[in-house]
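> Okay, sequence plus prediction incoming.
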Amino acid sequence: MLILALAGVLPGCSVRPKEPPPTTDIDDTAYGDLVRVLASDDFLGRKPGTPGEDKTVNYLIENFHRLGLKPGNGTSYVQQVPLVQITAGADATLTVSGAGGSRNLVFGKDMVIWTKRAVPEINVAHSEMVFVGYGIVAPEYSWNDYANLDVHGKTVLVLANDPGYASKDPTVFKGNAMTEYGRDAYKVEEAARQGAQGVLLIHDAAAVGYGWDAVQATWSGAQFELPAADAYAGRAAIEGWLQNAAARALFDAAGIDFARTAVAAAHPGFKAVALRLSVDATIHNAIRAFNSQNVLAIWPGRNSREYVLYTAHWDSLGSDAARAGHNIFNGAVDNATGIAGLLALAQSFKRTIDPKPDRSIAFLATTAAQPDLLGSQYYVDNPILPLRATLAVINIDMLINGGRSRDVSVLGFGNTDLEESARAEALLQGRDAHPDPNPQFGLYFRSDSYSFAHRGVPVLYTQAGIDNAARGPVWGKALIEDYFARRFRQPSDQYAADWDVGGAVTDLNLDYRIGMRIAGSRRFPRWYPNSEFRAAHHRANPSPDD
């Protein structure tokens, strides 16, 4: 009997050795090909409401279907997202007048203005200009830039970021780390709540992390908003950016020292300053309503009622016919890398045989993230998968090429114990996990991560660190700075054949392992007690376990 048993494993027998399971590791070449396709001119800059959207959404659906993932919205992979497109005409004007005369600010060069009011024409006449510092009302930080101030009918000038960044005082807000009050969207919304007729943000590249060319590309032309019953009649009539030198010139015309006043604005007790200038503005709009699309696919786990959700936005800025030469905003890094990452991760999970996790894995590609996170905002307001059953969101945005790094940056550090999973899995890769080296830019609040965190869903958003494995931290830091200075939201953000995607692939493999860890855990991730999003979690998820 023993001889017969051994014969079954001798060479030439009919029993074949069991093949090893397919690897779940992401292949560099396959991932690079996905980025190359999505960032190609064929996709026309992936702008919502254009043929570029149709090509992008179809490409995502075809790939999710080919991988065998289930449609996330019943029998459809698509969630319709209603948008209103408001395009300011090239004849938009902004004139500032005072005792020394009037100055016509040049659209694009000195300022960029728009309106979120869905009306054909906006006229602002003789609106008094007031500098309100950072334009923040934050009771938890004992801060109110609008205290004892009536700005109804006035135009407010607002500094970028928040006072903690400017003062570098760790007792002011969160010190150098930006809070949600530093968001551009918050500032224009707060100005409207205060009754301002206009709100102009003063651009500062050091404070926001990108140059004036990114402002021009992002806020010129078509702007999107979710529909509102009142067509946003309650928003300020004009919103916009002032180029830094143009803003300083206005302060000079008013006889006010800009630098000294800006420093004062970063300290408690600052009082708003009337500039004794007035604003006249005109905008003519073209208005269009249409449906854009979020894309959702699901890999079912053993428990189909709880989910780990991976997110990335698919949109870029389209094209600009007025630009000479290459005029397509291909958005290779921002964010073809992210949606290529969703597809690569979906393939990794489909190759997972044993053990298959309890929770399902979902993949959400959102629309209209630039600049106002509208696709993810619409999703959390109209969730397809219940937010209470969504254990965690892992956000993928801007995987900068440049090779592998020895470290991992956790954006929005200090908010959730998902960071502990990230640290543990990074160590298994031989990497260190640490806080974002540039927390002043608030990337956590400028990506879809914020929409979910604001609604109480724990979010993890990691990126490669600066310690490049081949060239060190000085080179790695310079690489990131160069991207934001020269290619962020520019036509030059293009894929190249010599890209080293090894770092992005390493980061995506990390995201896979973190997702598997969370999906197989018996507990829900939690916000840390001091997180600014913990209260939102309690409102959204009333539970004795939280």
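Ah, there it is.
> Which pLDDT value goes with residue 183?
Per-residue pLDDT puts residue 183 at 95.
> i'd like the first residue to be 6 from this point on
New numbering, starting at 6: the last item is residue 188.
> Pretty sure it sits against residue 452.
No - taking contacts as CB atoms under 8 Å, residue 188 lies outside contact range of residue 452: 11.2 Å. In short, each C-beta sits where N, CA and C put it, glycine included.
> Where does the prediction get shaky in the stretch 6-155 of the chain?
Flagging of the stretch 6-155 of the chain using pLDDT under 70 yields the residue ranges 6-27.
> picking that back up, higher neighbour count, residue 188 and residue 452?
residue 452 (28 against 20; other CB atoms under 10 Å).
> list the contacts for the residue lying closest to the more buried one once chain neighbours are set aside?
Distance criterion CB to CB, 6 or more residues apart in numbering; nearest residue to residue 452, sequence neighbours excluded, is residue 402 at 4.6 Å. Residues near residue 402 by CB atoms under 8 Å, 6 or more residues apart in numbering: 317, 318, 339, 340, 343, 448, 452, 453, 454, 466, 468.
> average pLDDT for stretch 326-338?
Rounded mean pLDDT across stretch 326-338 is 92.
> And the strands in the stretch 6-155 of the chain?
In the stretch 6-155 of the chain, the segments counted as strands under DSSP state E, counting those that start in this stretch are 75-76, 83-93, 98-103, 106-110, 116-119, 126-136, 142-143, 148-149.
> Run through the residues that contact residue 449.
So residue 449 contacts 416, 417, 441, 455, 458, 464, 466 (CB under 8 Å, 6+ apart).
> Can you redo these as TSV, where the extra columns are neighbour count, secondary structure and distance to residue 484?
Output for the contacts of residue 449, formatted as TSV (neighbours: other CB atoms under 10 Å; DSSP: H, G, I helix; E, B strand; the rest coil; distance: CB to CB, whole Å):
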residue	neighbour count	secondary structure	distance to residue 484
416	24	strand	17
417	30	coil	22
441	21	coil	16
455	24	helix	25
458	27	helix	27
464	29	strand	25
466	27	strand	19
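> Could you single out the nearest of those to residue 394?
Closest approach between the contacts of residue 449 and residue 394, by CB to CB: residue 464, at 15.5 Å.
> so the residue nearest to residue 452 sits in a strand?
No - Residue 402: not assigned to a strand; according to DSSP: H, G, I helix; E, B strand; the rest coil it is coil.
> pull the longest strand from this structure.
The longest strand of the chain (DSSP state E) is strand 278-304.
> after that one, next one along is what?
strand 308-318 (DSSP states H and E).
> Compute the inter-axis angle for the following helix or strand past that following strand and strand 308-318.
Following strand 308-318 in sequence order, the next helix or strand is helix 342-355 (DSSP H and E). Helix 342-355 runs at 150 degrees relative to strand 308-318, counting by axes from the mean of the first three to the mean of the last three CA atoms, to 10 degrees.
> by how many degrees do helix 342-355 and strand 278-304 diverge?
30 degrees.
> So for helix 342-355, what gets flagged as buried?
Buried positions in helix 342-355, judged by neighbour count with 16 or more other CB atoms under 10 Å: 342-354.
> From those residues, pick the one nearest residue 57.
residue 344 (12.9 Å).
> List the contacts of that closest one.
Residues counted as contacts of residue 344 (CB under 8 Å, 6+ apart) are 43, 61, 65, 317, 318, 319, 370.
> of those, closest to residue 273?
Of these, the one sitting nearest to residue 273 (CB to CB) turns out to be residue 318, at 36.8 Å.
> which one is that closest one nearest to, not counting chain neighbours?
residue 374 (3.4 Å).
> Could you give the number of residues near that neighbour?
Residue 374, neighbours per other CB under 10 Å, totals 26.
> nearest residue to residue 39 other than its sequence neighbours?
Per CB to CB, 6+ apart, closest to residue 39 is residue 345, 3.6 Å.
> where does that neighbour land on pLDDT?
For residue 345, the model assigns a pLDDT of 97.
> Would you confirm that it contacts residue 45?
No - applying CB under 8 Å, one finds residue 345 not in contact with residue 45, separated by 11.9 Å.
> residue ranges with poor pLDDT in the stretch 406-551 of the chain?
541-551.
> Report the contact partners of the spatially most central residue of the chain.
Nearest to the mean C-alpha position of the chain, by CA atoms, centre = their mean, lies residue 452 at 1.6 Å. Counting by CB under 8 Å, 6+ apart, residue 452 touches 318, 374, 378, 400, 402, 416, 466.
> how about these in JSON lines, adding distance to residue 104?
Output for the contacts of residue 452, formatted as JSON lines (distance: CB to CB, whole Å):
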{"residue": "318", "distance to residue 104": "47"}
{"residue": "374", "distance to residue 104": "44"}
{"residue": "378", "distance to residue 104": "42"}
{"residue": "400", "distance to residue 104": "50"}
{"residue": "402", "distance to residue 104": "47"}
{"residue": "416", "distance to residue 104": "47"}
{"residue": "466", "distance to residue 104": "49"}
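> Could you single out the nearest of these to residue 507?
The nearest one, if we look at the contacts of residue 452 relative to residue 507 and count by CB to CB, is residue 402, at 18.8 Å.
> next one: phi and psi at the closest one?
phi -150, psi 130 (degrees, to the nearest 10).
> and the biggest helix by length in the chain with helix 342-355, angle?
Of all segments of type helix in the chain, defined using DSSP state H, the longest is helix 507-525. Orientation of helix 507-525 against helix 342-355 (the same axes, to 10 degrees) gives an angle of 50 degrees.
> Residue 499 contacts residue 335, correct?
Yes - Residue 499 is within contact range of residue 335, at 4.9 Å (criterion: CB under 8 Å).
> Can you pick out the residue with more neighbours from the two?
For residue 499 against residue 335, the residue with the higher neighbour count under other CB under 10 Å is residue 335, and the figures read 25 against 20.
> doesn't residue 41 make contact with the more buried one?
No - contact criterion CB under 8 Å: residue 335 and residue 41 do not qualify, at 10.3 Å.
> which neighbours do these two share?
residue 500.
> So residue 316 sits against residue 374, correct?
No - using CB under 8 Å, residue 316 is not in contact with residue 374, being 9.6 Å away.
> Three-state assignment for residue 205, please.
Under three-state DSSP, residue 205 comes out as strand.
> Just give the number of residues close to it.
Neighbour tally, residue 205, other CB under 10 Å: 31.
> mind listing what's buried in stretch 229-248?
Buried-residue list, stretch 229-248, by 16+ other CB under 10 Å: 229-231, 236-237, 240-248.
> Show me which of the contacts of residue 449 is closest to residue 533.
residue 417 (11.1 Å).
> Name all residues that make contact with the closest one.
441, 449, 450, 454, 458, 464, 466.
> from what I can see the fifth one touches residue 420, true?
In other words, residue 458. Yes - using CB under 8 Å, residue 458 is in contact with residue 420, at 7.1 Å.
> check contacts around residue 204.
Counted by CB under 8 Å, 6+ apart, residue 204 has contacts 140, 160, 161, 163, 192, 193, 196, 197, 241, 243, 244, 245.
> Select from those residues every entry located in strands.
Per DSSP E, the contacts of residue 204 map to strands at 160, 161, 163, 243, 244, 245.
> Thank you, goodbye.
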